[in-house]
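take this sequence and fold it.
(one chain, ligands or ions: 2)
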Amino acid sequence: MAATESEKCKFLIVGGGIAGVTCAEQLASQFPSDEIILLTASPLIKAVTNFKQVSKVLEDFDVEEQPHSFLEERNPNVRVIQSAVKALAADQHTVCTEDGRRYVYEKLCICAGARPKLITHGNPHVLGIRDTDSAQVFQKRLSSARRIAVVGNGGIALELVYEIEGCEVIWAVKDKAMGNTFFDAGAAQFLVPQLESAKPKAPAICKRTKYSTEACFVLGPEHQEQSAAERGELGSALGPDWHEGIKLKGTKEVSHKVHFEYQCEISQISYENTLAFPEHGSDQTESTADKELWPVYIQLTNGKTYGCDFIVSATGVIPNTEPFVRGNNLEVAEDCGLKVNEHMCTSEPDIYAAGDVCTTAWEPSSLWQQMRLWTQARQMGWYAAKCMAADTLGQSIEMDFCFELFAHITKFFNHKVVLLGKYNAQGLGRDHELLLRCTKGHEYVKVVMQRGRMMGAVLIGDTDLEETFENLILNQMDLSAYGEDLLNPNIDIEDYFD
Ligand SMILES: Cc1cc2nc3c(=O)[nH]c(=O)nc-3n(C[C@H](O)[C@H](O)[C@H](O)COP(=O)(O)OP(=O)(O)OC[C@H]3O[C@@H](n4cnc5c(N)ncnc54)[C@H](O)[C@@H]3O)c2cc1C
Ligand SMILES: NC(=O)C1=CN([C@@H]2O[C@H](COP(=O)(O)OP(=O)(O)OC[C@H]3O[C@@H](n4cnc5c(N)ncnc54)[C@H](O)[C@@H]3O)[C@@H](O)[C@H]2O)C=CC1
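Ligands and ions are numbered 1, 2, ... in the order given. Model prediction:
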């Protein structure tokens, strides 16, 4: 195709992450005689394999990072083109890519994901982790580090502070307890002792989504200092177990050495040898009183200062919307995601969005909330394809059942973690109560009840309760009569409700 030529297609998908690939595959199976074009900025795509519906809403699947040919071989009517979208003209149904090509679509699904929302940009001492490339840069910098600072209190920070060995970690946490996006102070208290002991030799086996990559963790010279994101390239997001097989080790002979600084943020960053911060502002802990020189210094809002080798900003994500929003009437939410309605449609005709790039703007079920996670990226990609197909065929479609109940299975600090419904009583106001069961080092079970109904649960450890609780939350049965017996370990709760 000549550089100025346009190519027409019925379905155009942008993004080779889970959302885009799932959307393309679903459309390919529904429209076997139409070509589906998938445009992606990244050289590899994410393929979902071994998908199993474990229960009504819990899913289990593997994710593999694969070359484009893998998707084309699985779906002969999908063509993958590696080129980043530079502009969208929604009124002309046209997308332009960085290599000067134009694609005229009938229906477009934007699945461009997100990138780290760093505390500051352009600072070589502040790293974000998103894709294989940025993980490689992090690993390389860590290998020569004595002390790093981690800022943020969500998924990435939780994983890092547990996985890093041989390096002191200063963890600046905005909240009163760690892990605020996933659990409450009680669960945090249950998990903290894991940081004070050495990591077990073998990781706990936890049946849940697995991640593997074809790309090996060997750095080319061009990757040594800068991540692809810093070079303006956009890779797709890592997922569960991304750190397995990578050595996350610094220069010291320690297992875990995490120093918590709660309820504070970084207020200032200063560079090599400048020692810009008055020492009287620091407390005289081992960490702050030392006279070692560091490449970078952080000042916290609690007045303390620390020197470190670099800082990891694990402070959430920002959706990749710029090339799509410019010049169009796409509505954008407060978190910068493309707003989508209950049919995954944006505010522009024939444009859909799914995964991390979008923000759900429909009235959600009382037991569901959006979180930028793998499972939701897959579900949205799949459902967006169903909606695109229904609109093309003039059919109606109902919201998929997966949006009825929030469900997430993951692993933190070598424990299986299951989150269901309003697991942190999100939006329930004061009108709720919590039931707790905890065996130190073994399991932590928290149930959120409202007017006798189960609204959510946090299950840490091998509790085996997820399916039963999923059912109890979904059927909204009045459980007042059972009281605290709901969590009585001597009662087989499954028999109760059979
Ligand atoms: C370190 C890390 C660990 C995680 N761990 C978990 C976990 O344990 N469990 C979990 O559920 N979730 C986890 N997540 C979140 C999960 O990975 C994401 O929510 C999910 O992968 C998002 O998928 P996506 O397809 O929406 O976006 P992405 O995977 O980001 O894919 C976006 C795609 O769009 C392409 N793209 C972007 N802009 C353009 C453009 N202009 N033109 C063309 N292509 C473009 C990119 O190249 C990429 O292929 C983790 C995330 C990170 C960063
Ligand atoms: N096991 C899992 O399910 C995992 C999921 N993920 C996902 O990957 C994505 C990226 O992960 P994270 O960056 O950890 O995002 P996150 O959204 O999970 O957490 C961001 C954290 O940063 C804090 N924060 C925001 N701005 C801050 C600031 N200026 N100073 C201090 N703290 C600040 C927030 O309060 C929050 O605690 C998320 O969508 C997350 O859900 C990541 C790792 C593991």
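
and the spatially closest residue to residue 390 that is not a sequence neighbour, what element?
Excluding the flanking residues, the one nearest residue 390 by CB to CB, 6 or more residues apart in numbering is residue 397, at 4.0 Å. C-betas here are computed from N, CA, C, even on glycine. Taking DSSP states H and E as the definition, residue 397 sits outside all helices and strands.

residue 397: neighbour count?
Neighbourhood size, residue 397 [other CB atoms under 10 Å]: 15.

ok, now which ones touch it?
By CB atoms under 8 Å, 6 or more residues apart in numbering, the contact set of residue 397 is 343, 386, 387, 390.

now with 6 Å, please.
Taking CB atoms under 6 Å, 6 or more residues apart in numbering, we find residue 397 in contact with 386, 387, 390.

let's have these in TSV, adding pLDDT.
Listed next are the contacts of residue 397 as TSV, based on pLDDT from 0 to 100:
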residue	pLDDT
386	98
387	98
390	98
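
which of these fall in helices?
In helices, judged by DSSP state H, the following of the contacts of residue 397 are found: 386, 387, 390.

nearest residue to the second one other than its sequence neighbours?
Excluding the flanking residues, the one nearest residue 387 by CB to CB, 6+ apart is residue 343, at 4.4 Å.

ligand 2 contacts on the stretch 51-200 of the chain?
119, 151, 152, 153, 154, 155, 156, 157, 159, 174, 180, 181 (CB under 6 Å from any ligand atom).

neighbour-wise, which of those leads?
Going by other CB under 10 Å, residue 152 tops these with 26 neighbours.

nearest the middle, which residue of this structure would you pick?
residue 373 (4.3 Å; CA atoms, centre = their mean).

wait, a strand at residue 392?
No. Assigned with DSSP: H, G, I helix; E, B strand; the rest coil, residue 392 falls outside any strand and is helix.

and the closest residue to it other than its chain neighbours, how far from ligand 2?
In this structure, residue 392 finds its nearest non-sequential neighbour in residue 107, 6.6 Å apart by CB to CB, 6+ apart. When distance is defined by CB to the nearest ligand atom, to the nearest Å, residue 107 is 27 Å away from ligand 2.

show me the contacts for residue 107.
Neighbours of residue 107 in contact, by CB under 6 Å, 6+ apart: 11, 350, 388.

and it, backbone torsions?
Residue 107 has phi and psi values of phi -130, psi 140 when expressed as degrees, to the nearest 10.

enumerate the residues of this structure near ligand 1.
Neighbours of ligand 1 within the chain, by CB under 6 Å from any ligand atom: 14-20, 39-42, 84-85, 111-114, 129-130, 155-156, 234-240, 242, 320, 323, 355-356, 372-375, 377, 410.

in helices only, show me those.
18, 19, 20, 155, 156, 323, 374, 375, 377.

turn these into JSON lines, including distance to residue 6 and pLDDT.
Formatted as JSON lines, those follow (distance: CB to CB, whole Å; pLDDT from 0 to 100):
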{"residue": "18", "distance to residue 6": "29", "pLDDT": "96"}
{"residue": "19", "distance to residue 6": "26", "pLDDT": "98"}
{"residue": "20", "distance to residue 6": "21", "pLDDT": "98"}
{"residue": "155", "distance to residue 6": "41", "pLDDT": "94"}
{"residue": "156", "distance to residue 6": "41", "pLDDT": "95"}
{"residue": "323", "distance to residue 6": "17", "pLDDT": "97"}
{"residue": "374", "distance to residue 6": "35", "pLDDT": "91"}
{"residue": "375", "distance to residue 6": "36", "pLDDT": "92"}
{"residue": "377", "distance to residue 6": "30", "pLDDT": "97"}
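
out of those, which is nearest to residue 474?
residue 375 (16.6 Å; CB to CB).

which residue packs closest to the closest one, ignoring adjacent ones?
Residue 375 sits nearest to residue 59 (CB to CB, 6+ apart), 5.9 Å away.

for the one you found, give its distance to residue 91.
38 Å (CB to CB, to the nearest Å).

and the residue nearest to the centre of the chain, what is it in contact with?
Counting by CB under 6 Å, 6+ apart, residue 373 has contacts residue 408.

show me the contacts for whatever residue of the stretch 51-200 of the chain ends up closest to ligand 2.
Nearest residue of the stretch 51-200 of the chain to ligand 2: residue 154, at 1.9 Å (CB to the nearest ligand atom). Neighbouring residues of residue 154 by CB under 6 Å, 6+ apart: residue 181.

please redo it, this time with the cut-off set to 8 Å
Residue 154 neighbours (CB under 8 Å, 6+ apart): 179, 180, 181, 182, 314, 315, 316.

residue 433 now?
So residue 433 contacts 448, 449, 450 (CB under 8 Å, 6+ apart).

run the last query once more with 7 Å
Residues in contact with residue 433 (CB atoms under 7 Å, 6 or more residues apart in numbering) are residue 449.

do the same with the one 3 residues further on
Applying CB under 7 Å, 6+ apart to residue 436 gives the contacts 186, 446.

kindly report the same for the one 4 residues further on.
Taking CB under 7 Å, 6+ apart as the definition of contact, residue 440 has no neighbours.

please identify which helix or strand holds residue 69.
Going by DSSP H and E, residue 69 is part of helix 68-74.

what of residue 137?
Per DSSP H and E: helix 132-143 holds residue 137.

so which elements touch the helix or strand just after that helix?
Downstream of helix 132-143, the next assigned helix or strand under DSSP H and E is strand 147-151. With contacts defined as 3 or more CB pairs under 7 Å, 6 or more residues apart in numbering; DSSP states H and E, the packing partners of strand 147-151 are helix 155-163, strand 168-172, strand 305-308, strand 310-313.

for the stretch 301-450 of the chain, what lies in contact range of ligand 2?
314, 315, 316, 317, 371, 372, 373, 410.

mind checking which of these are buried?
Buried subset of these (neighbour count, 16 or more other CB atoms under 10 Å): 314, 315, 316, 317, 372, 373, 410.

farthest pair within these?
Applying CB to CB across these, the maximum distance is between 315 and 410, 19.0 Å.

picking that back up, so between residue 59 and residue 91, which is more surrounded?
residue 59 (20 against 11).

now do the contacts for the residue nearest to residue 375.
51, 53, 375.

the residue nearest to residue 491 when sequence neighbours are not counted: neighbour count?
Nearest residue to residue 491, sequence neighbours excluded (CB to CB, 6+ apart): residue 485, at 5.8 Å. Residues lying near residue 485 (other CB under 10 Å) number 13.

state the number of residues packed around the closest residue to residue 119 other than its chain neighbours.
Closest residue to residue 119 apart from its sequence neighbours, by CB to CB, 6+ apart: residue 313 at 4.6 Å. When neighbours are defined as other CB under 10 Å, residue 313 has 23 of them.

pLDDT score assigned to residue 313?
Looking at residue 313, its pLDDT stands at 97.

any idea which helix or strand in the protein has the lowest mean pLDDT?
Lowest mean confidence among the helices and strands of the chain (mean pLDDT, DSSP states H and E): helix 286-289, at a mean of 46.

measure residue 475 to residue 53 for me?
18 Å.

ranges for the strands of the stretch 1-150 of the chain?
In the stretch 1-150 of the chain, the strands defined using DSSP state E, counting those that start in this stretch lie at 6-14, 36-40, 44-53, 59-67, 78-82, 85-89, 94-97, 102-110, 114-116, 126-127, 147-151.

for the stretch 201-350 of the chain, same thing?
So, for the stretch 201-350 of the chain - with DSSP E, counting those that start in this stretch - the strands run 210-213, 258-261, 266-271, 296-300, 305-308, 310-313, 317-319, 338-340.

quick one: the ones you listed as TSV, columns for distance to residue 70 too.
As requested, the strands of the stretch 201-350 of the chain are arranged in TSV below (distance: least, CB to CB, whole Å):
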stretch	distance to residue 70
strand 210-213	13
strand 258-261	39
strand 266-271	41
strand 296-300	41
strand 305-308	40
strand 310-313	31
strand 317-319	26
strand 338-340	28
